[in-house]
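K.L.:
What shape does this take:
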Amino acid sequence: MTISRLPLADWPTPVEPAPRLARALGLEPDDLWIKRDDLTGLGGGGNKIRKLEHTVAQALAAGADTLVTTGAPQSNHARLTAAAAARAGLSAVLVFPGEPGGSGGAEGSGGSGGGNLVLDGLLGARAVWAGDVDQDGLAAAAARLAASLPAAALIPFGGSSVVGARGYVEGGHELLGQVPDLDTVVVALGSGGTMAGLVAALGPDKVLGVHTGAVDDPRTVVSDLVSGLTGLPPDPGALRIRDDQVGPGYAVQTDAVVTAMETAARTEGIVLDPVYTGRALAGLAAAVADGTVRRNRRTVFLHTGGLPGLFGHPSVARRWHGPQVLT
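P.N.:
Numbering: from 1, shown residues only. Below is the predicted model:
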């Protein structure tokens, strides 16, 4: 039987109040809630599960026995593709830039073997290293590898195709059912599919994307995906996107990101990652400071997961490994 969606998690994910974080950001205690898409369960959790329910179903319908995808070595999408493949009885091949044990491309020291790479191996995925390539070169390497296999399906970078983004159309409707007075949902903008699905479900006025530096032209990427979902001509100018948190680049953590991670952890016990959710919360803090997000309006922060990646960034993790005192 052909299916259009492969169930990989239990829905809905919870929405939790964050009053102490709200106060720290300059909002009223009841203004801020967190949508816990980090609690999707499979393979360590995260937002990519919603996309993979659709892209893996498409692969199964095509008769695939192997999933091939790309990402930086600490890719949450790659980890969850490996988990989804295991759940569906498929093989997974993950194509990364750089060399094993080397700098690992865009996410810095992530090629050293920690963080998500440990889980990739535990889940049974095979890693293929493409060397010194840019994003187009990485995509080409994955396409060649998939073509060389007898029954492989190529899952797009970040799961962000029109098919994958359908998962966040569903997620947007789920969120609106939980928070009907929603004013703004704030989300990290990586490969674009999560934001695109939310925009298709909620409209562009209710979605604030915080660009992480994962793609060169996020506005065009998201608007094209929205167009594919809705059938309407793309309108990049209608999107609410902040590009003030990229800093020196995708791999580099700024002081604002570090502050955001500490604030979430020390007010609500919520752990963010340094590439996506840390940037998204830094963007929310900046939006409150400049009046883009205002008091007495219901704001939801979408926690998209990524905790394992923190342990693949030793330079970041060491920041909080303070001196130990024996008494």
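K.L.:
Verify the stated contact: residue 130 with residue 141.
P.N.:
Yes: the pair formed by residue 130 and residue 141 meets the contact definition of C-beta atoms under 8 Å, at 4.1 Å. In short, each C-beta sits where N, CA and C put it, glycine included.
K.L.:
Between the two, which contacts overlap?
P.N.:
Residues within reach of residue 130 and of residue 141 at once, by C-beta atoms under 8 Å, 6 or more residues apart in numbering, are residue 95.
K.L.:
Where does pLDDT dip in the chain?
P.N.:
Along the chain, segments meeting pLDDT under 70 span 1-2, 102-113, 317, 322-327.
K.L.:
which other residues reach the longest helix anywhere in the chain?
P.N.:
Looking across the chain with DSSP state H, the single longest helix is helix 162-178. With C-beta under 8 Å, 6+ apart as the test, helix 162-178 has contacts from 11-13, 15, 35, 37, 47, 49-55, 58, 155-156, 158-159, 182, 185, 192-198, 200-202, 225, 228-229, 300, 302.
K.L.:
can you do 6 Å?
P.N.:
12, 15, 35, 50-51, 53-55, 58, 193-194, 196-198, 200-202, 225, 228-229 (C-beta atoms under 6 Å, 6 or more residues apart in numbering).
K.L.:
can you check stretch 234-252 too?
P.N.:
Counting by C-beta under 6 Å, 6+ apart, 106-108, 204, 208-211, 213-214, 219-220, 222-224, 227, 254, 279, 282-283 sit against stretch 234-252.
K.L.:
Take the contacts of helix 162-178 and keep only those in helices.
P.N.:
Reading helices off the contacts of helix 162-178 with DSSP H, I get 50-51, 53-55, 58, 193-194, 196-198, 200-202, 225, 228-229.
K.L.:
Pull out the buried residues from these.
P.N.:
50-51, 53-55, 58, 193-194, 196-198, 200-202, 225, 228-229 (16 or more other C-beta atoms under 10 Å).
K.L.:
List only buried entries from the contacts of stretch 234-252.
P.N.:
Using 16+ other C-beta under 10 Å, the buried ones in the contacts of stretch 234-252 are 106-108, 204, 208-211, 213-214, 219, 222-224, 227, 254, 279, 282-283.
K.L.:
any idea how far residue 288 is from residue 242?
P.N.:
Distance of residue 242 to residue 288, computed by C-beta to C-beta, to the nearest Å: 12 Å.
K.L.:
How about residue 125?
P.N.:
Taken as C-beta to C-beta, the span from residue 125 to residue 288 is 39 Å.
K.L.:
These two: who's more crowded?
P.N.:
residue 125 (23 against 19; other C-beta atoms under 10 Å).
K.L.:
from memory that one sits against residue 83, does it?
P.N.:
No: look at residue 125 against residue 83 with C-beta atoms under 6 Å: they stay out of range, at 8.9 Å.
K.L.:
Going by neighbour count, list what's buried in the helix or strand containing residue 120.
P.N.:
Following DSSP states H and E, one finds residue 120 within helix 116-122. Across helix 116-122, burial judged by 16+ other C-beta under 10 Å covers 116-117, 119-120.
K.L.:
Which pair in the residues you listed has the greatest spatial separation?
P.N.:
Farthest pair in these (C-beta to C-beta) is 117 and 119. Separation: 7.4 Å.
K.L.:
Can you tell me the SS state at residue 299?
P.N.:
Of the three states, residue 299 takes strand according to DSSP: H, G, I helix; E, B strand; the rest coil.
K.L.:
Quickly list what it is bridged to.
P.N.:
residue 32, residue 184 (DSSP bridges).
K.L.:
and it, how many residues sit next to it?
P.N.:
Neighbours around residue 299, by other C-beta under 10 Å: 25.
K.L.:
how much space between it and residue 42?
P.N.:
28 Å.
K.L.:
try residue 256
P.N.:
Counting by C-beta to C-beta, the gap from residue 256 to residue 42 is 31 Å.
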